[in-house]
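**Q** Sequence and predicted structure are below.
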Amino acid sequence: MFARVHRGEARGKILFYVFLTVVGLVFVYPFIFMVATSLKESPEVFENILSLFGARLRTENYVTVLRTVNMGRYMINTVIVSLSVVAGQIVTSLLGGYAFARIRFPGRELLFYLYLGTIMIPFTVIMIPMYKLMLTFGWVDKLQSLIIPWIFTASGTFLMRQFMKSIPKELEEAAYLDGANRLTILWKVFVPLAGPAIATQFTISFLYAWNSFIWPLVAINSKANYVVTQGLADIQGGYHASPPLVLAGATLVIIPTVLVFLAAQRYFVEGIATTGIKG
């Protein structure tokens, strides 16, 4: 009887993993199709769209995208913008999260909820005032306009606050007894423990900054300062009759985000799980 139950459980697990494999392949296939098509010639795409590979792998499509379309320059701009935004958001979120979680001051809860409420304001409402500010500062068509307005984030502050509220007060009190000030406690006690929350914030901020399109479209005019989303739109406009080049550009845009998520997914899941412990 026990052997029969054991065989039934094993069979169930096998069927479950087969099902997960099939579902995984369904989700991964569009990415595989995109990469494979980017290595074809245009006629090969239209001859047999279901065929993954052509006569040979045409890596020169990527050379064309990087050099002729100047996607290499756009990627450098996007890396600068994304890493700057991520660094700024992590620093401001740590400072704000610690203040709202650990420092008692008049109006703390009201100020926190007002700040958190800014998440509900649609970007289209603040887009024109932000553009006027960029004109006033002389930052239009400069990378500063893509970085400085975005280094503060209410969602990141909320994330850090929730995580820091879950850290035992005894650690903070012990640091006080050793003569540490607020900043020392933050950087020496809280930051090392906040690895999962920081990884979560890094992932969310990087993906948002890398994939941003509307604001760069408004704030950036010259191609020298384009980011990858603008470059991809440029490819679609100029090479719409050549799907391999369009998909080569899309592959270059997607790969960094996939790598970042894969590298941080374990910490991302842990961070999401632990930041909801306390309200």
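**A** On my side now, so go ahead. Owing to the predicted nature of the structure, the values given are computational and were not obtained by experimental measurement.

**Q** Can you give the domain ranges for this protein?
**A** Per automatic domain parsing, the structural domains of the chain span 2-37, 68-274.

**Q** Looking at these, which one is packed in the most?
**A** With neighbours taken as mean count of other Cβ atoms under 10 Å, those reach their highest mean count in domain 68-274, at a mean of 17. From N, CA and C alone the C-beta is placed, and that goes for glycine too.

**Q** now whatever helix or strand T92 lives in, how far from the centre of its chain.
**A** If you go by DSSP states H and E, T92 is part of helix 71-102. In this view, helix 71-102 has its centroid 10 Å away from the chain centroid, taken as Cα atoms, centre = their mean, to the nearest Å.

**Q** now swap in stretch 252-263 and tell me
**A** Counting by Cα atoms, centre = their mean, stretch 252-263 is centred 9 Å from the centre of its parent chain.

**Q** Format the CA atom coordinates belonging to it as PDB.
**A** Output of stretch 252-263 as PDB, limited to C-alpha atoms (Å, rounded to 0.1, in the frame of the first residue of the first chain):
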ATOM      1  CA  LEU A 252      20.300  44.200 -27.100                       C
ATOM      2  CA  VAL A 253      17.700  46.200 -25.100                       C
ATOM      3  CA  ILE A 254      16.300  43.200 -23.300                       C
ATOM      4  CA  ILE A 255      19.400  41.200 -22.400                       C
ATOM      5  CA  PRO A 256      20.700  43.600 -19.700                       C
ATOM      6  CA  THR A 257      17.300  43.600 -17.900                       C
ATOM      7  CA  VAL A 258      17.200  39.800 -18.000                       C
ATOM      8  CA  LEU A 259      20.700  39.500 -16.600                       C
ATOM      9  CA  VAL A 260      19.900  41.900 -13.800                       C
ATOM     10  CA  PHE A 261      16.700  40.100 -12.800                       C
ATOM     11  CA  LEU A 262      18.400  36.600 -13.000                       C
ATOM     12  CA  ALA A 263      21.300  37.900 -10.800                       C
END
